[in-house]
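*Asks:* okay, sequence plus prediction incoming.
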Amino acid sequence: MAKTTSVLGRSEARSGLMLISPTALYAVLLLAAPLGTVVLYSLLTGGRGVITWDFTLANYIEVWTGPVYRAIMLRSLLVALSVTVVTVAIAYPIAYFVSFHVQPSKKSLWLFLITIPFWTSYLIRVFLWKVILGYNGVINSGLLGIGIIDEPLTWINYNVGALVVTLAHAYAPFAILPIFVALEKIDRSLLEAGQDLGESRLRTFWRVTLPLSMGGVIAATLIVFIPTIGDYVTPDLIGGGKLPMIANLMEVQMLKINNKPLGSAIAVSAMVIVAILSVAFVMVNRRFLGPAK
Amino acid sequence: MSSAKPVPPNSTMIEFRDVHKYYGDYHALRGISGTIRAGEFFSLLGPSGCGKTTLLRTIAGFEGIDGGAVLIDGKDMARVAANKRPTNMVFQSYAIFPHMSVGENVGFGLRRDPRSAAEKARAVEDALEMVGLKGYGARAAHALSGGQRQRVALARALILKPKVLLLDEPLSALDKKMREHMQVELIKLQRQVGITFVLVTHDQEEALVMSDRIAVMFEGEIAQLADPETLYRRPNSKKVADFIGTMNFIPAVVIGETGGQIEVEAKGLGRALLDADQCPAGQGDSPMVGLRPETLTLMYPGQTTTERTVDGVIDEVIYFGDMTYYDVYLGGTDVEVRLSMRNTPGRPILEVGSKVDVAWSASALVLFR
């Protein structure tokens, strides 16, 4: 009996491996291998276009002690955090409205409308914000044309605020959808129960709806925070090159200066920081992620 | 819960005054009037779509009404929001908050209670003990079984000592054994706390077992409001008679009325004199008399009876273990009745085709016309 089980178990394990092998192969070739290469590069000695096989931590020491790297990393974190807060804060009411106040038959239409921005390329959407917010952009020329201002506004372009507006718009659907899903899963009788037990609608929201939708909020936060911190196009186009973020720094090191080991060390460091922050965030909120249905 | 004040008998707790409710064009409640007495176990019984849940929700304040009034303890509830009403509800899905422990669920409504945290914790523990879940306070609510969830929902509502406890098909999600067990527990609990219970159910047996009084509803109207025995023995319409239990309907002709009594001739049974309470107001249908299966008795050879008898032929035998149902053609006619006999020792199960005598009594008849 025991033998049969073990034979069966082995063949089950084998068929299991067979089933996941295409995915596993993909993951190894396209994720693990490049990641390994970057980690390897970061530990080598490099100069302008030259890499020697001398293992060193010098790249990391430079990244973690150099004031420029720290300033840019902090700016990236600040932008990503602002974008995340703004995006989630805007996304929640939209998701709430669609989930609770749109007729069930019209919900798909609303979701479809929310995803329409994805029909245009990310690059074009970012560029359009440049057109809108720029020195000679839509807002400035419009306001000049009707005589409200005498010279173009400068505080709406080439600053962190403009970065946040652009990125928040680009990532809004990513935040709306997980929050919507979390809200949809809430049994509506729970909200009636909250009121039945003496709480107002607002109190019921705080005590029932919000905690039960936190899973979606956490997902939205991570989905927005992780990609925005590594965003590379927006700082370039909207920031006009004056507000580099960590990904722009990597590009400079990797391509322009051609110091791949230093660029790799920046990449690995940024990844570690994002990973630590994300794990810490999830740990802080883990009570919301329990097995509750 | 001995603190519950004894209520004066027959005082009104809930009053419906010509309540109307529309969903768009659909007339869901069509002029509901009636009263629910303080301290009674009241049931709203009817098939799905009859408006019983809607009516319950108008008491809770989850549904507004489009006409009439709902009064609780003498106060018009028109401008009172759900969270301000002296009612609490046990939801059909139980609506246990999945992100909270059992204790947090039960204590949910105590936030504004002026008592100290320790006293509230004690109240939660007492409420859990009352429903048989002592020591469950720290457990995660989502890990409970269906029966336990229901007890938590009960404790959560009763801890607030409402004037009225509303129960929306609370037993429908439980299996048969558990359901029967909870029926008895709910009756005991209701007597213990003395709170008015209003139960919604589509299960006529459940309503008969649990209720002091029942309102039978069809299509947004109350068809009959009475105690279980009256409902069962003297249903006021064919529809109610058909919905509650089994009823044999036999075509009949009204011969005449004499001294408050009505004489009918029922096909296969013959003539009978009925009292006024056996003849509810007419519905305009062709007249029928109704007879419950257990009011008919199969006569075994050698048995005698003071009741009237009619001969018949057994057409079908349905064996239920403790009972046997017989379908019998009466007196050489095409009138078939179902009768039930308890399977006591020494009483054989008769076979299809046997000729039998059936005893019946005019007092068990109800006339529908």
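*Replies:* Perfect, I can see it now.
*Asks:* can you tell me the SS state at the closest residue to residue A:219 other than its chain neighbours?
*Replies:* Spatially, and ignoring its direct neighbours in sequence, residue A:219 is nearest to residue A:178 (4.0 Å; C-beta to C-beta, 6 or more residues apart in numbering or on different chains). Any C-beta I mention is one placed from the backbone N, CA and C, and that applies to glycine too. Here residue A:178 is helix, with the state taken from DSSP: H, G, I helix; E, B strand; the rest coil.
*Asks:* tell me the pLDDT at the residue in the stretch 1-150 of chain A positioned nearest to chain B?
*Replies:* With C-beta to the nearest C-beta, the shortest gap between the stretch 1-150 of chain A and chain B falls at residue A:103, namely 12.9 Å. Turning to residue A:103, the model gives it a pLDDT of 94.
*Asks:* next, count neighbours for it.
*Replies:* Number of residues near residue A:103 (other C-beta atoms under 10 Å in any protein chain shown) recorded here: 8.
*Asks:* touching chain B at all, the longest helix along chain A?
*Replies:* Scanning chain A for the longest helix, with DSSP state H as the assignment, gives helix A:67-101. No. Helix A:67-101 lies out of reach of chain B by C-beta under 8 Å from any C-beta of the partner chain, never closer than 15.2 Å.
*Asks:* counting by contacts, list what that helix packs against.
*Replies:* In terms of contacts (3 or more C-beta pairs under 8 Å, 6 or more residues apart in numbering or on different chains; DSSP states H and E), helix A:67-101 is packed against helix A:58-65, helix A:107-114, helix A:160-184, helix A:210-229, helix A:246-251, helix A:260-284.
*Asks:* show the average pLDDT along the last one.
*Replies:* I take that to be helix A:260-284. 93.
*Asks:* contacts for it?
*Replies:* For helix A:260-284, the surrounding residues in contact (C-beta atoms under 8 Å, 6 or more residues apart in numbering or on different chains) are A:38-39, A:41-46, A:51, A:59-60, A:62-64, A:69, A:73, A:76-77, A:218, A:221-222, A:225-226, A:229-230, A:246, A:249-254, A:289.
*Asks:* shaky segments in the chain?
*Replies:* I went with chain A, as the question did not name one. Within chain A, the stretches falling below the threshold (pLDDT under 70) are A:1-10, A:290-293.
*Asks:* the intended chain is chain B.
*Replies:* Regions of chain B meeting the criterion pLDDT under 70 cover residues B:1-9, B:283-284.
*Asks:* in it, which residue is closest to the centre?
*Replies:* Centroid-nearest residue in chain B, with C-alpha atoms, centre = their mean: residue B:207, separated by 2.2 Å.
*Asks:* assign that residue to helix, strand or coil.
*Replies:* Under the three-state scheme (three-state DSSP), the conformation of residue B:207 reads as helix.
*Asks:* pretty sure it is touching residue B:198, no?
*Replies:* No. Counting by C-beta atoms under 8 Å, residue B:207 stays clear of residue B:198, with 11.7 Å between them.
*Asks:* anything in contact with each of those two?
*Replies:* Both residue B:207 and residue B:198 are contacted by residue B:43, under the criterion C-beta under 8 Å, 6+ apart.
*Asks:* quick one: name the residues of chain B near chain A.
*Replies:* Taking C-beta under 8 Å from any C-beta as the criterion, the contact residues of chain B with chain A come out as B:60, B:62, B:81-84, B:87-89, B:91-93, B:95, B:97-99, B:108-109, B:111-112, B:140, B:142, B:156-157, B:160.
*Asks:* buried only: go through those for me.
*Replies:* Neighbour-count burial (16 or more other C-beta atoms under 10 Å in any protein chain shown) applied to the residues of chain B next to chain A gives B:60, B:62, B:82-83, B:87-89, B:91-92, B:95, B:97-99, B:108-109, B:142, B:156-157, B:160.
*Asks:* which ones among those residues map onto strands?
*Replies:* Of those, the ones assigned to strands by DSSP state E are B:87, B:88, B:89.
*Asks:* which one of the residues you listed is nearest to residue A:214?
*Replies:* residue B:89 (26.0 Å; C-beta to C-beta).
*Asks:* for that closest one, what are its contacts?
*Replies:* Applying C-beta under 8 Å, 6+ apart to residue B:89 gives the contacts A:192, A:193, A:196, B:56, B:60, B:157, B:165, B:166, B:167, B:168.
*Asks:* repeat that with 7 Å
*Replies:* Residue B:89 sits next to A:196, B:60, B:157, B:166, B:168 when contact means C-beta atoms under 7 Å, 6 or more residues apart in numbering or on different chains.
*Asks:* dump those to JSON lines, plus distance to residue B:256.
*Replies:* Putting these into JSON lines (distance: C-beta to C-beta, whole Å) gives the following:
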{"residue": "A:196", "distance to residue B:256": "56"}
{"residue": "B:60", "distance to residue B:256": "51"}
{"residue": "B:157", "distance to residue B:256": "55"}
{"residue": "B:166", "distance to residue B:256": "48"}
{"residue": "B:168", "distance to residue B:256": "48"}
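*Asks:* residues from the stretch 51-200 of chain A in reach of chain B?
*Replies:* Contact residues, the stretch 51-200 of chain A versus chain B (C-beta under 7 Å from any C-beta of the partner chain): A:187, A:189, A:190, A:192, A:193, A:195, A:196, A:197, A:198, A:199, A:200.
*Asks:* start to end distance for stretch B:313-332?
*Replies:* With C-alpha to C-alpha, to the nearest Å as the measure, the first residue of stretch B:313-332 is 8 Å from its last.
*Asks:* ok, back up a step: redo the helices and strands packed on helix A:67-101 as TSV? Include mean neighbour count.
*Replies:* Conversion of the helices and strands packed on helix A:67-101 to TSV gives the following (neighbours: other C-beta atoms under 10 Å in any protein chain shown):
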stretch	mean neighbour count
helix A:58-65	16
helix A:107-114	13
helix A:160-184	22
helix A:210-229	21
helix A:246-251	21
helix A:260-284	18
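*Asks:* give the buried residues for the longest helix seen in chain B.
*Replies:* In chain B, with assignment by DSSP H, the single longest helix is helix B:176-193. Of all the residues in helix B:176-193, those buried under the rule 16+ other C-beta under 10 Å are B:179, B:182, B:183, B:185, B:186, B:187, B:189, B:190, B:193.
*Asks:* now, among those, which is nearest to chain A?
*Replies:* Ranked by distance to chain A (C-beta to the nearest C-beta), the buried residues of helix B:176-193 are led by residue B:193 at 17.1 Å.
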